[in-house]
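Enquirer: using only what follows, build the 3D model:
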Amino acid sequence: MKFSLTAQDPHSKARAGFLTTDHGEIPTPIFMPVGTAGSVKAVHQRELEQDIDARIILGNTYHLYLRPGLPLIEQAGGLHKFIGWHRPLLTDSGGYQVYSLGENRKITEEGVVFKSHIDGSRHVFTPEGVMDIERTIGADIMMAFDECTPYPCEYGYARKSMELTHRWLERCIRQVQSTGSKYGYEQSLFPIVQGSVYKDLRAHSAEFIANQQQPGNAIGGLSVGEPHELMYEMTELVCAILPADKPRYLMGVGTPENILESIALGIDMFDCVMPTRNARNGMLFTTQGIINIRNEKWKDDLSAIDPGLGGYASTHYSKAYLRHLIISKEILGAQIASIHNLTFYLWLVREARQQIEKGTFLEWKNKMVTIVSQRL
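Expert: Take a look at the predicted model:
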């Protein structure tokens, strides 16, 4: 994996670059659609490539491990071949999903014992085991196994959790170094900075992660309920410590406003279920603001969903038609809305990149934050 910076905004920390994997080149900043179980919900792979132009998508280690299971994925030749996706893939480590299981999991030094949300069966995730799982799934970028702390979180617990995550990381690195890819292409490991919302813990974790000298680095444990101001404060602090010549990935973020503000702080990569999850509930992100398509005001509006965006779903269908589909619970409504929202998210990061290259990002960002946050 290679990462090169090509432009730096003169008025902020925003930067543009290219992340290159064996499955293709990814212009940054980039948003990664979430394909939890090997599927970006309601969206074909063809649409991801041709209409949305997603350069990389996510798979979820926890969900894929449970279903369809590793034997079938390995038999298919990895997740790329199993789902018919030819561009880069990233897998999370399952740490967040295990964290969200609550009483159905137990964390120890060795790893995590948990019960499947599907059938209640008992499973164990260790740092070594998770690295082997991600090897088998075949992701281009594999996330280290970590513990995600909740918000709010007491300082003592946050510190112990961070230290455990660091010890697990060292085991992840050793396992990756002692194994190879099953499918003939490079797989890169990204460590994850933790530390909740405590400055000293975040700084210590960022320094520890930077010292591991892995191909890229991630920031986890944010966007879990803390105020946005705290998220930005922690992100700015960590970005100042993580090496500038490697990609920085802010996990699970977020709204269009969150993405724009975080790009300004030096983040290169994002993922979030928001564009597809909100789409299925009728919330649309557009170049003019946020639309709740269920509202009566759109019932007779025959204008395009977002004529300023481009893309088939956004310009071919009217607001009135999409509202009819969503209200009627037609599956096509979820599909059109999901494609539109993802088209918007990918447009947003592409436009941000162009503004960075022109040196006008900060002024554009300040204007766009107001626009994309308003409700129409």
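Enquirer: all the strands of the stretch 1-150 of the chain, residue numbers only.
Expert: 2-8, 15-21, 24-28, 30-32, 57-60, 89-92, 105-107, 112-115, 122-125, 141-143 (DSSP state E, counting those that start in this stretch).
Enquirer: mind exporting the C-alpha coordinates of the first one to PDB?
Expert: In this case it means strand 2-8. What follows is strand 2-8, C-alpha atoms only, in PDB (Å, rounded to 0.1, in the frame of the first residue of the first chain):
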ATOM      1  CA  LYS A   2       1.200   3.500  -0.900                       C
ATOM      2  CA  PHE A   3       0.000   6.900   0.200                       C
ATOM      3  CA  SER A   4       1.000  10.200  -1.300                       C
ATOM      4  CA  LEU A   5      -0.100  13.700  -0.600                       C
ATOM      5  CA  THR A   6      -0.700  15.900  -3.600                       C
ATOM      6  CA  ALA A   7      -2.100  19.100  -2.100                       C
ATOM      7  CA  GLN A   8      -2.500  21.000   1.200                       C
END
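Enquirer: gap between stretch 204-219 and the chain center?
Expert: Taking the mean of its C-alpha atoms, stretch 204-219 sits 18 Å from the chain's own mean (CA atoms, centre = their mean, to the nearest Å).
Enquirer: ok, and for that stretch, which residues are buried?
Expert: 204-206, 208-210, 214-219 (16 or more other CB atoms under 10 Å). Where you see a C-beta, it was placed from the backbone N, CA and C, and this is true even at glycine.
Enquirer: and of those residues, the nearest to T91?
Expert: For the buried residues of stretch 204-219, the residue nearest T91 by CB to CB is A218; the value is 12.2 Å.
Enquirer: for that closest one, give me phi and psi.
Expert: phi -130, psi 160 (degrees, to the nearest 10).
Enquirer: my read: it touches G252, true?
Expert: No: here A218 does not reach G252: they are 10.0 Å apart, not a contact under CB atoms under 8 Å.
Enquirer: can you list the strands of the stretch 1-150 of the chain in TSV and add distance to T370, mean pLDDT and mean neighbour count?
Expert: Output for those, formatted as TSV (distance: least, CB to CB, whole Å; pLDDT from 0 to 100; neighbours: other CB atoms under 10 Å):
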stretch	distance to T370	mean pLDDT	mean neighbour count
strand 2-8	24	98	14
strand 15-21	23	98	20
strand 24-28	24	98	18
strand 30-32	20	98	25
strand 57-60	29	96	23
strand 89-92	31	97	27
strand 105-107	41	90	15
strand 112-115	42	92	18
strand 122-125	43	95	15
strand 141-143	33	98	27
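Enquirer: one step back: farthest-apart pair in the buried residues of stretch 204-219, please.
Expert: Greatest spatial distance among those (CB to CB): H204 and P215, at 21.8 Å.
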